[in-house]
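# below is the sequence, then the predicted model.
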Amino acid sequence: MQQLNQIIKKLKLNVLSIEDVPDSFSSTVYKIKQINQQIVYLKIPYSKVKLAREYEALEILSDTLEVPRLLEYWEGNDEIAGALLLSTIKGEPLSEKVDEKLAFDIGVNHAKLHQVAPQKKYSYKGISNVYDQWSTFLENQFYSFAEDVKDVIPEALYEQSLELFEKQRKSLPHPDGPSFIHMDFRPANIIIHENLVSGIIDFESARFGSTEMDFTKINRDIFMKNPGTLEAYQKGYQTIRQLIDLEIVLPFYRFTDAFNSIGWCKRRGIQKHQQFFDENYVTLKSILTNER
């Protein structure tokens with residue numbers, strides 16, 4: 001609370017009320033109603049790297065997609081990573097129930113995001129370009145989480161996971177890009193109004209890289225739970241740009257997403273994220289069982 005009060009004072013906010021925003025895992029986010037009745041969002045990233053990514057992403061995407069407007073920015077100090085004050089986007093986060101019309105529009109907006117490519121003469125400070133080292137990026141990410149995973153799953157499953165990773169990554173197609181990739185494209189970060197996408201939020205994990213990774217979470221949270229939405233999404237996406245063959249890449253990324261998510265839960269505290277841990281553990285076991 002002391003840090004929050006310090007940021008409010010630094011940004012000179014006239015606060016009427018404050019609410020915690022749920023489903024934000026890599027930042028602390030507050031919904032603030034000001035005395036003038038304006039609703040804004042205060043985002044406090046966990047690190048200066050995430051602060052820089054979010055700041056730069058909003059600049060890059062502002063002319064391409066509906067994203068929050070940056071109202072105020074504080075670069076932080078030795079104790080606080082910094083903060084961003086963001087405008088409101090009309091609508092609500094996407095629920096898990098999605099029809100084909102909405103899936104089509106999600107595809108359109110996702111493709112617009114992927115159409116954004118790095119400018120060769122521009123020096124980016126927050127958004128790194130990992131496209132040319134895509135295989136190394138995937139390997140580093142997987143084995144970084146593996147250090148956490150090995151402590152919380154049976155040794156046999158852990159060893160089988162390492163073998164499957166090495167086997168499947170060799171069959172991946174040539175990377176698709178370089179494109180702006182969200183890295184956390186899931187329902188909570190897709191804002192909907194009147195059954196259409198009204199905005200995209202939360203870019204603190206964004207990179208320039210291969211689009212193939214960016215379909216993982218919507219496959220898990222939308223396509224696999226709503227029949228017909230994958231086909232509708234693909235049609236919408238292809239009105240903007242060519243879509244890679246998802247049947248080739250989704251099995252690999254569904255596996256690595258489950259594995260890495262278990263590692264993420266270990267880092268953040270399994271008890272705090274028990275349900276998410278259990279869901280990914282069940283998924284991982286099912287994938288490994290089918291591979292035998």
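Done, it's in.
# residue ranges of the strands in the protein, please?
15-20, 27-34, 39-45, 70-74, 83-86, 92-93, 179-181, 190-193, 196-200, 207-209 (DSSP state E).
# center of the chain - which residue?
residue 184 (1.1 Å; Cα atoms, centre = their mean).
# thinking again about what came up before, for the strands of the chain, which one sits closest to residue 277?
Ranking the strands of the chain by proximity to residue 277 (Cβ to Cβ) places strand 27-34 first, at 20.7 Å. No exception for glycine: its C-beta is placed from N, CA and C like everyone else's.
# what angle sits between the closest one and strand 39-45?
160 degrees (axes from the mean of the first three to the mean of the last three Cα atoms, to 10 degrees).
# my guess is residue 50 contacts residue 43. True?
No: Residue 50 is beyond contact range of residue 43, at 9.4 Å (criterion: Cβ atoms under 8 Å).
# list residues touching both of those two?
Residues touching both residue 50 and residue 43 (Cβ atoms under 8 Å, 6 or more residues apart in numbering) are residue 27.
# check contacts around the nearest residue to residue 44 once chain neighbours are set aside.
Closest residue in space to residue 44, ignoring its immediate chain neighbours: residue 28 at 4.5 Å, by Cβ to Cβ, 6 or more residues apart in numbering. For residue 28, the contacting residues are 43, 44, 46, by Cβ under 8 Å, 6+ apart.
# can you check the pLDDT for the second one?
Just to be clear, that refers to residue 44. With respect to pLDDT, residue 44 has a value of 93.
# pretty sure it contacts residue 83?
Yes: at 5.0 Å, residue 44 counts as touching residue 83 under the criterion of Cβ under 8 Å.
# who touches both of the two?
Counting by Cβ under 8 Å, 6+ apart, the shared contacts of residue 44 and residue 83 are residue 7.
# who's more crowded, these two?
residue 83 (26 against 21; other Cβ atoms under 10 Å).
# for the more buried one, list each beta-bridge partner.
When bridges are called by DSSP bridges, residue 83 pairs up with residue 74.
# surely it and residue 40 touch.
No: Residue 83 is beyond contact range of residue 40, at 11.4 Å (criterion: Cβ under 8 Å).
# can you show me the helices along the chain?
For the chain, applying DSSP state H gives helices covering 2-11, 48-61, 100-115, 134-149, 155-169, 216-218, 229-237, 246-268, 274-291.
# list the helices and strands the last one packs on?
For helix 274-291, the helices and strands in contact under the criterion 3 or more Cβ pairs under 8 Å, 6 or more residues apart in numbering; DSSP states H and E are helix 155-169, helix 246-268.
# just the shortest one next, same as before
In terms of contacts (3+ Cβ pairs under 8 Å, 6+ apart), helix 216-218 is packed against helix 246-268.
# distance between the helix it packs on and the chain's centre?
For helix 246-268, the separation from the chain centroid amounts to 13 Å (computed by Cα atoms, centre = their mean, to the nearest Å).
# I would like the residues contacting it, please.
Contacts for helix 246-268 (Cβ under 8 Å, 6+ apart): 25, 138, 141-142, 144-149, 151-153, 161, 164-165, 168-169, 171-173, 212-213, 215-217, 219-220, 230, 234, 273, 276-277, 280-281, 283-284, 287.
# can we see that at 6 Å?
With Cβ atoms under 6 Å, 6 or more residues apart in numbering as the test, helix 246-268 has contacts from 142, 145, 148-149, 152, 161, 168, 173, 212, 215-216, 219, 273, 276-277, 280, 283-284, 287.
# for PyMOL, write the selection for the buried entries among the residues you listed.
Here is the PyMOL command that selects the buried residues among the contacts of helix 246-268 (16 or more other Cβ atoms under 10 Å):
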select buried, resi 142+145+148+149+161+168+212+215+216+219+273+276+277+280+283+284+287
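# where are the low-confidence patches of this structure?
Along the chain, the model assigns pLDDT under 70 to residues 1, 24-25, 292.
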